[in-house]
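Undergrad: 3D model of this:
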Amino acid sequence: MKKAVVLGMILLALGTLVYAADAGVKVTGWGRGLFAIQGGGDEALGTINESWGGNSVRSTVTITGTSDNVGFVMDIDTNNGNPVAGDQDKIWAKPFDMLTLSVGRIYDDTLRGSESYGAWNWLRYGNMSGDGAIFDRVGEGAEVNFEAALAPTDALYFFGGLGGNGTNLMAAPDTSAERVFHGGQFGAGYTINGIGVVRAQYVGSPGGLHLTDVIGAAFKVTAVPNLTADFGFRYATKPDVSPWDEKISVGADYTAMEALVLHAIGVIGLDKVNDTTLEFGAGADYTVDKASGIGINADVRFLNDAAAFNATTNTSGKSQIGFLFGVFKSFANGVVGIGVEAQTTGLFAAGPDNQTDQSKMVWAIPIKVEMSF
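TA: Model prediction:
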């Protein structure tokens with residue numbers, strides 16, 4: 001009897017998947033987990049992390065439904081073994097072809113400018129830049145709950161996003177219409193064929209409090225073969241409460257040959273009161289053997305005292321140098337690898353949590369497992 005029930009459930013599930021496929025629904029997955037031996041405190045620790053946070057592995061199932069005019073995206077993460085709403089949980093509709101309206105928990109990466117390479121895909125260095133380094137995604141700081149995106153041509157893109165904390169708009173301290181709009185994110189981008197992409201935006205403070213509002217602009221150069229260079233500028237409208245007045249960022253990726261990709265990043269934060277913050281780095285991805293999927297990652301980065309913010313003391317820290325060397329093997333649906341990392345001061349983005357003296361070097365030997373379906 002139990003076997004019959006189980007068989008019936010399997011047949012029902014298969015039938016549902018077939019119907020879902022006909023209806024334009026698909027299921028995909030992505031995940032990353034690292035086991036690492038980390039040192040720097042009184043003793044070495046064994047840790048589990050997901051590159052950006054400790055004591056958790058990211059395993060995400062994404063269910064996407066699409067049709068000509070209506071669709072949805074739902075991410076389910078199993079951080080710490082508990083399923084929770086992931087990056088996106090939204091429903092969208094197109095009243096007409098050029099306009100898309102979305103409601104829910106929203107990210108929009110159409111115009112985003114990131115420089116994620118090297119340790120950013122292993123155990124991330126503390127205080128250093130990667131995702132959104134050049135130009136914020138829609139929802140980067142305080143996730144968006146409503147977005148109107150207008151694309152009158154393939155080259156032109158406008159967006160306007162409003163929201164609270166990404167899960168519940170009512171969680172904002174004041175949900176008056178004025179505050180909601182002041183906390184919004186509004187911008188546009190234009191693609192110049194054969195040249196690059198120019199974009200600009202206003203990013204309001206969470207809750208519409210006008211505390212950390214930022215005006216940003218960026219230009220991505222695509223005119224040079226095998227090279228993508230992205231230049232960004234941000235201006236803090238309230239510099240008295242921002243760690244910088246203006247920030248200049250640049251990122252570059254160059255395919256030197258089929259097997260070798262080079263990366264670079266630089267970030268300068270200008271402050272009329274404190275010292276200028278500096279951050280720069282370089283990295284490389286090299287395919288040792290394409291047939292077997294074996295390759296290496298290398299990454300070295302530096303930031304100065306002013307950029308090494310110490311969250312414990314709320315002051316500038318000591319300059320940092322970060323280093324990574326990793327060896328990996330790629331498969332059709334994932335990656336496995338082992339590496340060695342070090343950071344001269346501070347903490348990695350994920351521990352070790354027993355290091356009380358952040359002026360000492362921390363090191364790690366991470367083993368990475370990553371999947372994508």
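
Undergrad: Mind pulling up the pLDDT for G160?
TA: At G160, the model reports a pLDDT of 95.

Undergrad: Just the element for it, please.
TA: Using DSSP states H and E, the element containing G160 is strand 156-162.

Undergrad: Next SSE downstream of that strand?
TA: Going down the chain from strand 156-162, the next helix or strand is helix 177-182, by DSSP H and E.

Undergrad: Can you list the buried residues in that next one?
TA: R179, V180, H182 (16 or more other Cβ atoms under 10 Å). C-beta: built from backbone N, CA, C; applies to glycine.

Undergrad: what's downstream of that helix, the next helix or strand?
TA: The first helix or strand that comes after helix 177-182 along the chain, using DSSP H and E, is strand 185-192.

Undergrad: which of the residues in that next one are buried?
TA: The neighbour-count check on strand 185-192 (16+ other Cβ under 10 Å) flags Q185, F186, G187, G189, T191 as buried.

Undergrad: how about the second one, what does it touch?
TA: It stands for F186. For F186, the contacting residues are F159, G160, G161, Q201, Y202, by Cβ atoms under 8 Å, 6 or more residues apart in numbering.

Undergrad: if I look at the second one, how far off is A256?
TA: Okay, so that is G160. Distance of G160 to A256, computed by Cβ to Cβ, to the nearest Å: 40 Å.

Undergrad: quick one: which of those two has more around it?
TA: More neighbours surround G160 than the other of G160 and A256, with 19 against 12 (other Cβ atoms under 10 Å).

Undergrad: Distance of the more buried one relative to P152?
TA: Between G160 and P152 the computed distance is 14 Å (Cβ to Cβ).

Undergrad: Where does the prediction get shaky in the protein?
TA: By pLDDT under 70, the low-scoring segments of the chain are 1-23, 141-143, 164-174, 206-210, 239-243, 272-274, 309-316, 353-355.

Undergrad: Could you report the neighbour count for the residue lying closest to G346 once chain neighbours are set aside?
TA: Nearest residue to G346, sequence neighbours excluded (Cβ to Cβ, 6 or more residues apart in numbering): G126, at 4.6 Å. Residues near G126, counting by other Cβ under 10 Å, number 22.

Undergrad: Was I right to think G126 contacts F348?
TA: Yes. Between G126 and F348 there is a contact at 5.7 Å, judged by Cβ atoms under 8 Å.

Undergrad: tell me which residues of the helix or strand where A217 lies are tucked away?
TA: Using DSSP H and E, A217 sits within strand 214-221. Across strand 214-221, burial judged by 16+ other Cβ under 10 Å covers V214, G216, A218, F219, K220.

Undergrad: what does stretch 294-312 give?
TA: Buried, per 16+ other Cβ under 10 Å, within stretch 294-312: 295, 297-310.

Undergrad: among those residues, which are in strands?
TA: Among the buried residues of stretch 294-312, the members falling in strands (DSSP state E) are G295, N297, A298, D299, V300, R301, F302, L303, F309, N310.

Undergrad: Once you drop chain neighbours, what's closest to the first one?
TA: I take that to be G295. Nearest residue to G295, sequence neighbours excluded (Cβ to Cβ, 6+ apart): T287, at 4.5 Å.

Undergrad: what does the second one give?
TA: In space, and not counting its chain neighbours, N297 is closest to G326: 4.3 Å by Cβ to Cβ, 6+ apart.

Undergrad: In which helix or strand does D275 reside?
TA: For D275, there is no host helix or strand (DSSP H and E).

Undergrad: before we move on, what about the one 3 residues further on?
TA: Per DSSP H and E: L278 is located in strand 277-289.

Undergrad: those helices in the stretch 1-150 of the chain, which residues are they?
TA: Using DSSP state H, counting those that start in this stretch, the helices of the stretch 1-150 of the chain run over 2-22.

Undergrad: residue closest to the middle of the protein?
TA: For the chain, the residue nearest the mean C-alpha position is D131 (4.0 Å; Cα atoms, centre = their mean).

Undergrad: is it true that it touches S116?
TA: Yes. Between D131 and S116 a contact is recorded at 5.7 Å, counting by Cβ under 8 Å.

Undergrad: contacting residues for V198?
TA: Contacts for V198 (Cβ under 8 Å, 6+ apart) come out as G189, Y190, I192, A217, A218, F219, K220.

Undergrad: The fifth one and G132: what is the separation?
TA: Distance, A218 to G132, using Cβ to Cβ: 11 Å.
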